[in-house]
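Peer 1: sequence unknown, structure follows:
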């Protein structure tokens, strides 16, 4: 409960939330930059409409304000684990398609993959702080997709990057909500009690 939280735990949670907000903000900026490079490199139209991509977690959520802090963290963790698998797959496809012809795009994808992995670990730290069990990774990643044509791979990659950018925005919002002090005690609300 929030009332039983020690001041050091409250400070640690606020610190983790603040660092997470910075990480998610940096990730969002890097995804936007990568999106521009990806669209150009892949010969896609930046305004291309991409339908929902199978296996890609959707950032939009109904009744966001009714979710508990734990629900927010668990959804974020599952999403970033899925993005980790999707980005690794994109990186492999990129290497197969272009080899070393466009090492810059490959390096940017690899750097983003590292950021996503670090952010997932950061979310696990927040869950540990609250003495919550960290869910296993089995089943968190997307199922292996059917073999797609080159064009379909490019569109899926565009959809993955666009949705990852939206998740970065949602993550900042979720972490800000978790870091808010509760009006009654002045301490940050516990994960289970936050709206």
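Peer 2: Cool, the structure landed. The structure displayed is predicted, hence computed values, not measured ones.
Peer 1: Return the residues in contact with the residue positioned nearest the centre of the chain.
Peer 2: Centroid check for the chain by CA atoms, centre = their mean gives residue 80 as the closest residue, at 4.0 Å. Shown in contact with residue 80 (CB atoms under 8 Å, 6 or more residues apart in numbering): 116, 119-120, 123, 167. Every C-beta, even on glycine, is put in place using the N, C-alpha and C of the backbone.
Peer 1: three-state assignment of it?
Peer 2: helix (DSSP: H, G, I helix; E, B strand; the rest coil).
Peer 1: That one: what's its closest spatial neighbour, skipping adjacent residues?
Peer 2: The spatially closest residue to residue 80, leaving aside those adjacent along the chain, is residue 120, at 4.1 Å (CB to CB, 6 or more residues apart in numbering).
Peer 1: how close does that neighbour get to residue 37?
Peer 2: Remark: distance between residue 120 and residue 37 (CB to CB, to the nearest Å) = 24 Å.
Peer 1: Compare those two (neighbour count), which wins?
Peer 2: Taking neighbours as other CB atoms under 10 Å, residue 120 and residue 37 compare with residue 120 leading, 20 against 15.
Peer 1: thought that one was touching residue 85?
Peer 2: No: taking CB atoms under 8 Å as the definition, residue 120 is not a contact partner of residue 85, at 10.8 Å.
Peer 1: Tell me the one of the contacts of residue 80 nearest residue 25?
Peer 2: Distance to residue 25 across the contacts of residue 80 (CB to CB) is lowest for residue 119, with 11.0 Å.
Peer 1: Wait, that closest one touches residue 24, no?
Peer 2: Yes: using CB under 8 Å, residue 119 is in contact with residue 24, at 6.6 Å.
Peer 1: what sits in contact with each of those two?
Peer 2: In contact with both residue 119 and residue 24: residue 171, using CB under 8 Å, 6+ apart.
Peer 1: where along this structure do the helices fall?
Peer 2: Taking DSSP state H as the criterion, the chain carries its helices at 7-42, 69-98, 103-129, 150-179.
Peer 1: Now tabulate the ones you listed in CSV and tack on distance to residue 57.
Peer 2: Below are the helices of the chain laid out as CSV (distance: least, CB to CB, whole Å):
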stretch, distance to residue 57
helix 7-42, 14
helix 69-98, 4
helix 103-129, 12
helix 150-179, 7
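Peer 1: possible to save the ones you listed as a markdown table with mean pLDDT and distance to residue 136?
Peer 2: As requested, the helices of the chain are exported to a markdown table (pLDDT from 0 to 100; distance: least, CB to CB, whole Å):
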| stretch | mean pLDDT | distance to residue 136 |
| --- | --- | --- |
| helix 7-42 | 92 | 22 |
| helix 69-98 | 91 | 10 |
| helix 103-129 | 93 | 11 |
| helix 150-179 | 93 | 21 |
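Peer 1: Looking at the ones you listed, which is nearest to residue 48?
Peer 2: helix 150-179 (6.6 Å).
Peer 1: Return the set of buried residues in the closest one.
Peer 2: Of all the residues in helix 150-179, those buried under the rule 16 or more other CB atoms under 10 Å are 153-168, 170-172, 174-175, 177-179.
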